[in-house]
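Student: compute the structure for the input listed below.
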Amino acid sequence: MPNSSPSRYRTTNWSAYNASLRKRGSLSIWFDPDMAWHAKKSGQQGRPKTFSDAAIQTCLTLKVFFGLPLRQTVGLVESLIRMAGQDWPLPDFSTLCRRRARIAVQIPYRASGQPLNQLVDSTGIKFRGDGEWLARKHGASRCKQWRKVHLAMDAGTGDVRAVEFTSSRQGDSPMLPELLAQIPQDEQIETVPADGAYDTRRCHGAIIKRGANAIIPIRRNGRAWKEGCPAASARNEILRATRHLGRALWRKWAEYHVRSRVEARMNRLKLFGERIMSRDPDRQTAEILIRIAIMNRFSALGRAEMEAVV
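Tutor: Just a heads-up that it's a prediction; the model follows:
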């Protein structure tokens, strides 16, 4: 009888990983006294901006990281500026609210220098409606509303490389070409693991166009496509391999299990809150992008390196 016990793993860099976990709570990581706080002159007509985009993003990052309202965020930033010995002007809450709808959030990421293994998935996040306790006690409310977050994550570095924020009615497969388009053309994509919702001609075609291999399981009722295009040939090859090996063995052979990493990333996205605080779509987008920028910064500080215990 084969050994059916679950695999065991151990962390090989526990000291460094433990130190990185402590750094995540350090204010010096999220507030840099050497940043360009004042906005540069744009040369355009009208009143010039007082605060740079980096300053606004820093304030919004502290807001999301600590789960603060805008006015309390202003108080936190003011105390940090004073402790840093700076005489910078302070943005008020209305300035943060107004700039949040127009800011181009900068998401840091690391380039591994190797062909990318892009893990793709999506999840829903609530922005209106009763909590779980009220829904259980009084019944579900009709006013509950959701948005969808579509992510493409680099399995090598753990950084989110592409993101789309849409309405809850938007399907998953139409967004995969948009996610791949956010990856620079000079970066090679090797594989794109995704679940069965992306088993469409559009997705397979977009993956082949980037010179990558799709690792997408065929749906239970899936049939062979008519040959005549590269997307059909690649997809039918997956179908033949699945029928020959079986679904479970194909998933192991194709290393489909690595897609669980992006599912874990979705869970971490919701650790900042099961719902988003903003109501305006542009401000909601900025809030999600800020969360992703924080997660990428977490990965840059240090990740756990695991190995199987024999």
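Student: ranges for the strands of the stretch 1-150 of the chain?
Tutor: Assigned strands in the stretch 1-150 of the chain, in chain order: 9-11, 116-128, 145-154 (criterion: DSSP state E, counting those that start in this stretch).
Student: give me the helices and strands touching the last one, please.
Tutor: Which is strand 145-154. For strand 145-154, the contact count by 3 or more Cβ pairs under 8 Å, 6 or more residues apart in numbering; DSSP states H and E identifies strand 116-128, strand 160-167, helix 176-181, helix 260-270, helix 281-301 as packing neighbours. All C-beta atoms are positioned from the backbone trio N, CA, C, and that covers glycine.
Student: re earlier: which one of the strands of the stretch 1-150 of the chain lies nearest to R240?
Tutor: Ranking the strands of the stretch 1-150 of the chain by their distance to R240 (criterion: Cβ to Cβ) puts strand 116-128 first, at 23.1 Å.
Student: would you turn the strands of the stretch 1-150 of the chain into CSV with mean neighbour count, distance to I56 and mean pLDDT?
Tutor: Converted to CSV, the strands of the stretch 1-150 of the chain look like this (neighbours: other Cβ atoms under 10 Å; distance: least, Cβ to Cβ, whole Å; pLDDT from 0 to 100):
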stretch, mean neighbour count, distance to I56, mean pLDDT
strand 9-11, 12, 37, 85
strand 116-128, 21, 21, 90
strand 145-154, 22, 22, 92
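Student: relative to M35, how far out is H244?
Tutor: Distance of H244 to M35, given as Cβ to Cβ, to the nearest Å: 57 Å.
Student: how near is the closest residue in space to D282 that isn't next to it in sequence to L80?
Tutor: In space, and not counting its chain neighbours, D282 is closest to A101: 4.2 Å by Cβ to Cβ, 6 or more residues apart in numbering. According to Cβ to Cβ, A101 and L80 sit 24 Å apart.
Student: the two: which is more packed in?
Tutor: Here A101 and L80 are compared on neighbour count by other Cβ atoms under 10 Å; more neighbours surround L80, at 18 against 14.
Student: quick check: closest non-adjacent residue to Q145.
Tutor: The shortest distance from Q145 to any residue other than its chain neighbours is 4.3 Å, reached at R128 (Cβ to Cβ, 6+ apart).
Student: test my guess that that neighbour contacts I276.
Tutor: No - contact criterion Cβ atoms under 8 Å: R128 and I276 do not qualify, at 9.5 Å.
Student: for Q182, what are its contacts?
Tutor: When contacts are counted by Cβ atoms under 8 Å, 6 or more residues apart in numbering, Q182 touches A152, R161, A162, V163.
Student: so it versus E164, what's the distance?
Tutor: The span separating Q182 from E164 equals 8 Å under the rule Cβ to Cβ.
Student: what does stretch 200-207 contact?
Tutor: Residues external to stretch 200-207 that are found in contact with it (Cβ under 8 Å, 6+ apart): 173-174, 176-177, 180, 189, 192, 194, 213-214, 216, 225, 229-232, 234-235.
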